[in-house]
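Q: Provided below for reference: sequence and predicted model.
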Number of protein chains: 2
Amino acid sequence: MIGKSVPRVDAYDKITGRAKFTDDLILNKCLVAKVYHARIGNGIVKSIDTSEAEALDGVVKVVTFQDVPNHCYPTPGHPWSVEPAHQDVADRNILTGRIRYYGDDIAAVVAEDEVIASRALKLIKVEYEEYPVEIHPRKSMYGSPHPIHLDKKDNVLARSNYLIGNVEKGLAEADTVVKRSYKTPIVQHCHIENPISYAYMEKGRIVVVTSTQIPHIVRRVIGQALGIPWGKIRVIKPYIGGGFGNKQDVLYEPLNAFLTTQVGGRIVKLDVSREETFCNTRTRHSIEYDLTAGVDKEGRLVAKDMTAYSNQGAYASHGHAIAANGLTAWRLQYACPNIRGEAYTIYTNTPVAGAMRAYGIPQAAFAIECFMEDIAAEIHMDPLEFRKKNLIQGYYEDAYLKPIAANTNGIFECLKKGAEYIGWEEKRKKYARQEGYVRRGVGMSLFSYKTGVWPISLEIAGARMSLNQDGSIQLQIGATEIGQGADTVFSQMAAETLHMDVEDVHIQSFQDTDVTPFDTGAYASRQSFVTGTAVRQCAELLYRKILDYARTLLTNESRELSLDHGYIYAGEDPVISLEEVAMESYYSLTNSSAITAEVSTQVKKNTIATGCCFAEIEVDMKLGKIRVLDIVNVHDSGKLLNPQLAEMQVHGGMSMGMGYGLSEQLLLDEKTGRPLNGTLLDYKLMTTMDTPDLKAEFVEMDDPMGPYGNKALGEPPAIPGAPAIRNAVLHATGVAFYENPLTPQRLIEGFQNAGLI
Amino acid sequence: MIGKSVPRVDAYDKITGRAKFTDDLILNKCLVAKVYHARIGNGIVKSIDTSEAEALDGVVKVVTFQDVPNHCYPTPGHPWSVEPAHQDVADRNILTGRIRYYGDDIAAVVAEDEVIASRALKLIKVEYEEYPVEIHPRKSMYGSPHPIHLDKKDNVLARSNYLIGNVEKGLAEADTVVKRSYKTPIVQHCHIENPISYAYMEKGRIVVVTSTQIPHIVRRVIGQALGIPWGKIRVIKPYIGGGFGNKQDVLYEPLNAFLTTQVGGRIVKLDVSREETFCNTRTRHSIEYDLTAGVDKEGRLVAKDMTAYSNQGAYASHGHAIAANGLTAWRLQYACPNIRGEAYTIYTNTPVAGAMRAYGIPQAAFAIECFMEDIAAEIHMDPLEFRKKNLIQGYYEDAYLKPIAANTNGIFECLKKGAEYIGWEEKRKKYARQEGYVRRGVGMSLFSYKTGVWPISLEIAGARMSLNQDGSIQLQIGATEIGQGADTVFSQMAAETLHMDVEDVHIQSFQDTDVTPFDTGAYASRQSFVTGTAVRQCAELLYRKILDYARTLLTNESRELSLDHGYIYAGEDPVISLEEVAMESYYSLTNSSAITAEVSTQVKKNTIATGCCFAEIEVDMKLGKIRVLDIVNVHDSGKLLNPQLAEMQVHGGMSMGMGYGLSEQLLLDEKTGRPLNGTLLDYKLMTTMDTPDLKAEFVEMDDPMGPYGNKALGEPPAIPGAPAIRNAVLHATGVAFYENPLTPQRLIEGFQNAGLI
């Protein structure tokens, strides 16, 4: 079953519109909540008057920052830690009177319907005391008279660094030293379904149904936010319309939970608009990098130095972990004896940055892979050749976090496939010297990516199975289907280990923290690896239990038993059907006991996936317009669980990577930090019209760490597109850009400065 | 926690209207199905024309008996058996062209709303070939030209009998021989919520949300009815508004499941009206008894003989099990060396009889306890004295089904309490000789009742628990809360065994066959006994697992560990909190594994509960009106799990017993078998106006079989009321009635015949 392109288990329901998302599940009669957002970018609320709003007919409740529990809680979708030093930063209240960014949450209205709630918002009167706004991290880090958070006087949320070897000596001895700075933009996940939840009370407990990637973590954070025991909360996750990491954060669920407690437990819906999604949920960190490297005469890296400045926005969310992830990537894959890394994560008065697909690596890879290209250009070496010379062959491991290692390493094969597909050698020559305003180029980039979060953080997953009377099985997991096809590959895994058809695995697609096994959720490309390990162990346990029970029915049979597609075999002979065994287990008068299995598995391993992108582009320098003519991602993600789903996953990531390279950026007003283009009309997401046919290729190696030979694939596809396109523009025009996306404005400015137009 | 009157866990939600029942869960847009019922009582459909109905705007689908799978299936809520001989009778189709009773299901309409569906029904044209209707079992059993079911030429569904000793010899040697006949009426459960379900498809499977007592059995029967693998069906049970055994049958769920498959898996609701509930779901069997007994000079029973004729109605449903249960009761409790029993269950052209609270014993007890009274009268002995003389003291067991035994026997103490409460001795004398038309009397009756169905059938239950981070637990069971308070006592059980507060047990109140552990459901007063055993085992397992994990955290501690209200103790000392242990189990980086436990438990034991009723009544002979002045039930149901819930359970049963004795009966038209009073206006259910203050008393003995010393209590309260009232009328007037209920018509006829009015 593994390695087959079985159709998605949810395909039919999603295509027919039958699959239920959060909004589909709300019974017709519910209250509607809306949030009152700050109209300044930094300051405090001097006074708030909600009396007119409260008097409006149909308004059930107005709450302000003065009404919510007066303590902070953390929001990121990380496993909790019992050690305070490893716990996430708790710097957020459910509502606040200290405004830290334009749009901060001051109050909320609960009304009989959406129109009344919207009207009530307009009746709330707030007086502010305003402070200056700072949206740039490299300025904010020098502190401000009113620190964004009181305990961080310099607005630096965190700083970390490391040193391997002697970078200064390395640089001094290098043949060539290259220094460059790169910057990545704020972008947003733009999942189809905005964050939405509804909350109500039952049996004195709070139930929150929410579009999340991390139901068990949402449960915990609501408990922390409200200051109530975690067992008093139940979180249900239906199908969700994408998450990409934004829903790996706890967003408005604590407010929603609080609001239902304020209206006697009635159903309260909190449906976030697209504008709020841009401004008030999470974004991808904008990170600035200062990079220095030295190479020897052969073009070998002898020393490299990275300093990163990450714009956290107003609240910690995933905080420093994202910049730190980039620092780790700086150590991996390219051989270099002397490496230094340093990163700052800095509060600013901007929308909050959090997790987004590939968690800091698209930023780091943009800097690193542009830098590799620029070094190669500096020493006049073919950039692919330069990389091959410096990449480590075969096994390698991280210097600091040992279990993080390339247990299989397919990067050279990936590069070969990618270069062949794009016609690298031929086109590097062909496009070397072009005239005119429209030029073509090929570019590439590569990456490595961890699988899961171990050993930085905990990896735990649960799975539960039961054998039905007809020989099919029920499968329950706490891991979440978020559109990526998780439920399908988990079903394949169970079928593989139990030697049955995928159709005989009935997976429970909704998670409910009251009933589903514990799992931290969908992030870090972890589920097929970590939860997959739990599914495999659970299936092995069920397999053994089935045979153990079958043995009680086959008392005269001494041969070894096995299970295969509906039959128990003794040696080579089918001796009893699985259905008969199942029926006996349920209904035997002498020995009935339903056959079930459950595991809760900690996974203490990690393995590195890798891959690359090759792109051919045409740039019209006068129009400032890039056309991607052809693009290929080649991935080494171990064995493919479902090739068709893998290809879809890569296609989606490539689209995201192209948007990152070409057009996506959330622009902020310098004076207020207010988003200037926080709508899908103004924020330029890739459309099918902008996208060429996407090519996904794979190098399949059977990774010894993966439960089925598999490695990370969920996030990596989004990484290499942007630098590959930027490098192709460099190839086409000789102009190096240091900031993405390559918008017409930026291109034209660059080409003008280069004297090309 | 056991033995405390903790509030119902669902009290607040039910009182506030927040608790969700099936109809509450239906999203606003659904299709509505209605059933076309036969307008004759016996015959066949010669032709059916649905074209006009199909043409009606808003009609989505019309199906007839010609469209449904052409095979029969069984409907009763019994555990399935892998042995064909023990399987329930499969004599029903989803729809039928062979009409067996007035109202039989011929066709169904699915429409956009209820009004259209009702209109469409009127447009269906059916031509019948009519056969004579027979509603009396003792006539029907002689066969008919068109047997109701072809394989039973004599319309006898089943006959069973037994013989202990030599009854003929015993009777011949008896000092006095008494012969009497008794008859009980057809009554209906009259649960508040009519049967309702809705069905839809997801992932190619059928989901049915239904008001049922037996979700796992409904799943199985739908599979059988549709001829599809059982794993392809998912059944969800929300809160339900009573069942009393009617919902221990699979009613319209197979039709509902079939209908969604006919409309592409759209949501189809099938909401049964009150009239259909009376006519087309299930009733309590009307049973006729011929009883003979001989007593010796001392008033000891020396021989007894019972022949029972049970009116099954048109389909087998629970079939002969109900009459057979009465035969078993005939063997128990009263000592007698020579016993014969014989029972016939006979098909007639009447609404189908099935399970109803106490499963045949209210019928048998009415006959037996009236008979005991009549024998006592015949030999001029005080009826309480007569019973005490013949009742077995202490342990006794059934002659045929050995595990069925009174492991504790509190009947003498029950009688003592009841007699004292009602003032038996004083009032038996006081009311002995009365004049006038209004007279008073006291009467009593008693019963014994099995706990669960073992060894007649399978007893299996499952429970699953997980420890939350805050030290509270989640509890999942397949057994069902049907209003009786099951969820509350299961929570108490878990709390008791885990030494925690009930508030820290979070029970899952909805059952979902995809996720809840397997359990056959709510019937036979089994759950607190059978499922309770599973809950206890599961809690013991979780307890051990918690201590095992705590041990890994307490490596220097050699003393024995125990758990008590949030702390782990070593010896006498609290050494670590449960919350800390739980947190470590989830989040330890060295050894994390969520602590869970699951059991699937077969229970091979049974134990007899017992009790009695004493009633004081006033009868106005001219008005034919009985007023119950005072009534008490005294129950030996082992240890009470929750005294207040126990009392409520008894009150409900007493009301049902009084209705059975005084006013409830479903009248049928002789010519067609059509119900004449199948509405809550015409069918005379007890109201609060008819009911005196109800007195419930208990004799608590710690039963060794019960997981917490408990025995059956769910059904028994409904048993003894009717014969106690009938016997009180005998005491008051000297007139013996042989058929309940004692309606004005019946009373006046009786008093006229006796020359009293």
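A: That came in fine, so what should we check first? Numbering: from 1, shown residues only, chains lettered A, B, ... in the order given.
Q: does the residue of the stretch 151-300 of chain A found nearest chain B count as helix, strand or coil?
A: For the stretch 151-300 of chain A and chain B, the shortest gap (Cβ to the nearest Cβ) falls at A:Gly231, measuring 3.4 Å. Yep, even glycine has a C-beta here, placed from its N, CA and C like the rest. With DSSP: H, G, I helix; E, B strand; the rest coil as the basis, the three-state label of A:Gly231 is helix.
Q: Name the nearest residue to it, ignoring sequence neighbours.
A: B:Ser472 (3.4 Å; Cβ to Cβ, 6 or more residues apart in numbering or on different chains).
Q: do the same with A:Leu255
A: A:Ile94 (5.1 Å).
Q: Distance of the one you found relative to chain B?
A: 20 Å (Cβ to the nearest Cβ, to the nearest Å).
Q: For A:Ile48, give me its contacts.
A: A:64-66, A:97, A:106-107, A:124-127 (Cβ atoms under 8 Å, 6 or more residues apart in numbering or on different chains).
Q: number of nearby residues for whichever residue of the stretch 401-550 of chain A sits closest to chain B?
A: With Cβ to the nearest Cβ as the measure, A:Ser472 is the residue of the stretch 401-550 of chain A nearest to chain B, at 3.4 Å. A total of 24 residues lie near A:Ser472 under the criterion other Cβ atoms under 10 Å in any protein chain shown.
Q: Do I have it right that it meets B:Pro229?
A: Yes: judged on Cβ atoms under 8 Å, A:Ser472 makes contact with B:Pro229 at a distance of 6.4 Å.
Q: quick one: A:Phe737 and A:Arg726 touch, right?
A: Yes: using Cβ under 8 Å, A:Phe737 is in contact with A:Arg726, at 5.7 Å.
Q: between the two, who's got more neighbours?
A: Ranked by neighbour count (other Cβ under 10 Å), A:Phe737 and A:Arg726 place A:Arg726 first, with 29 against 21.
Q: so what secondary structure elements neighbour the helix or strand where that one lies?
A: Secondary structure from DSSP states H and E places A:Arg726 in helix A:721-733. Applying 3 or more Cβ pairs under 8 Å, 6 or more residues apart in numbering or on different chains; DSSP states H and E, one finds that helix A:721-733 contacts helix A:361-378, strand A:438-449, strand A:609-620, strand A:625-636, helix A:643-662.
Q: Look up how far chain B lies from the closest residue to A:Gln66 other than its chain neighbours.
A: Of all residues not flanking A:Gln66 in the chain, A:Gly97 sits nearest, at 7.1 Å (Cβ to Cβ, 6+ apart). A:Gly97 sits 30 Å away from chain B, taking Cβ to the nearest Cβ as the criterion.
Q: Quick check, A:Gly97 in contact with A:Val68.
A: No: if you go by Cβ under 8 Å, A:Gly97 and A:Val68 don't touch, sitting 10.2 Å apart.
Q: Would you mind naming what in the stretch 51-200 of chain A lies close to chain B?
A: Near chain B, the residues belonging to the stretch 51-200 of chain A are A:79-82, A:200 when assessed by Cβ under 8 Å from any Cβ of the partner chain.
Q: which residues does the residue nearest to A:Leu589 when sequence neighbours are not counted contact?
A: The shortest distance from A:Leu589 to any non-neighbouring residue, by Cβ to Cβ, 6+ apart, is to B:Leu458 (5.9 Å). Contacts for B:Leu458 were tallied using Cβ under 8 Å, 6+ apart; they are A:587-589, A:592, B:79, B:81, B:520, B:602.
Q: what do you get if the cut-off is 10 Å, keeping everything else the same?
A: By Cβ atoms under 10 Å, 6 or more residues apart in numbering or on different chains, B:Leu458 lies in contact with A:586-589, A:592, B:78-82, B:86, B:452, B:520, B:530, B:602-604.
Q: Any residue of stretch A:474-494 touching chain B?
A: Yes: Stretch A:474-494 lies within reach of chain B by Cβ under 10 Å from any Cβ of the partner chain, at A:474-476, A:478, A:487, A:491.
Q: Looking at chain A, which helix is longest?
A: As assigned by DSSP state H, the longest helix anywhere in chain A is helix A:532-553.
Q: Please export the C-alpha coordinates of the helix or strand following that helix as CSV.
A: The element immediately downstream of helix A:532-553 (helix or strand, assigned by DSSP H and E) is strand A:561-564. Extracted in CSV, the C-alpha atoms of strand A:561-564 (Å, rounded to 0.1, in the frame of the first residue of the first chain):
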residue,chain,number,x,y,z
LEU,A,561,0.4,-17.6,11.8
SER,A,562,0.3,-14.6,9.5
LEU,A,563,-2.4,-12.2,8.2
ASP,A,564,-2.8,-11.3,4.6
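Q: Give me the distance from strand A:561-564 to the chain's centre.
A: 40 Å (Cα atoms, centre = their mean, to the nearest Å).
Q: ditto for stretch A:322-331
A: On Cα atoms, centre = their mean, the centre of stretch A:322-331 falls 15 Å from that of its chain.
Q: Give me the subset of the contacts of B:Leu458 that lies in strands.
A: B:Gln602 (DSSP state E).
Q: filter the contacts of B:Leu458 to the buried ones?
A: Buried members of these, scored by 16 or more other Cβ atoms under 10 Å in any protein chain shown, are A:586-589, A:592, B:78-82, B:452, B:520, B:530, B:602-603.
Q: From the residues you listed, pick the one nearest A:Asn710.
A: A:Asn710 lies nearest to A:Tyr586 out of those, by Cβ to Cβ, at 34.4 Å.
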